[in-house]
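Asks: Here is a sequence together with a model predicted from it:
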Amino acid sequence: MQHDLLPLFSVPFFRANIGKIDFSWDKKQLPDNSNKSIQSVEQQLLNKQKNNLLNLELQKCIDYYAYNILKIPKNVFFKCVNSWVTVHRKNDSTSIHAHGNSIFSLIYYYSVDDLCGKINFTCPFNTWTTGTFEVTPIENNILNLRSVSFKPIIGDVLIFPSHLPHSVDPSQSDNLRISVVANYFPIGDYGPLTGQISLR
Ligand SMILES: [Fe+2]
């Protein structure tokens, strides 16, 4: 049947590769939970002077995503408000979660291999029904997907809206899976007449 079909109102998911960039971090970690990823106590990793190169390269990615792809005006600046290191050992995983008090989130993969586990992004409900209506399609396509998985490689940068739920499969690797995670918040003057906001 001749027809037009448009995937309206998509979730903008960005992937690029910037290569391996070394960074400095305090190896102190949050309390260990068995089979859960380890997170650094340090939550301002990218604000350290020693990590300026990585910070600048990641900011370029966020700016490209915001200004070139989403066409956000350049008087709005995307500030990195939290950044930390996540480490997965063998059998470690991360359960499904989203990132609060943030508009865009970024993951930079510093150390991964084929067995380190995929990251999974999940749509909370079918985009074509309400959240309380459940019909399972017989096959998935870009219009009815509820879950998408990616196997990252070293140097990958993923950017996605912070409210998008995601999880990480258990690692099967003997090597550590090390990533840098960062949350970004819009700073500046923006909004319509009745919703104007000025953030510095
Ligand atoms: Fe996350």
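Replies: Perfect, thanks for sending it.
Asks: what lines up beside the longest strand along the chain in the sheet?
Replies: What stands out as the longest strand in the chain, according to DSSP state E, is strand 177-190. Here strand 177-190 is paired, per DSSP bridges, with strand 77-88 (antiparallel), strand 104-111 (antiparallel), strand 197-199 (antiparallel).
Asks: outside of the second one, which residues touch it?
Replies: Where contact means C-beta atoms under 8 Å, 6 or more residues apart in numbering, the residues beyond strand 104-111 that reach it are 18, 20-21, 23, 54, 58, 61-62, 65-66, 78, 99, 119, 152-162, 164, 175-184. For glycine as for every other residue, the C-beta is placed from the backbone atoms N, C-alpha and C.
Asks: That one: how far from the chain's middle?
Replies: 6 Å (C-alpha atoms, centre = their mean, to the nearest Å).
Asks: where does the chain have its least confident helix or strand?
Replies: Ranking every helix and strand in the chain by mean pLDDT, DSSP states H and E puts strand 38-39 at the bottom, with a mean of 88.
Asks: packing partners for that one?
Replies: strand 77-88 (3 or more C-beta pairs under 8 Å, 6 or more residues apart in numbering; DSSP states H and E).
Asks: next one: the helix or strand following the strand it packs on to chain centre, how far?
Replies: As assigned by DSSP states H and E, the chain's next helix or strand after strand 77-88 is strand 94-97. Strand 94-97 sits 12 Å away from the centroid of its parent chain (C-alpha atoms, centre = their mean).
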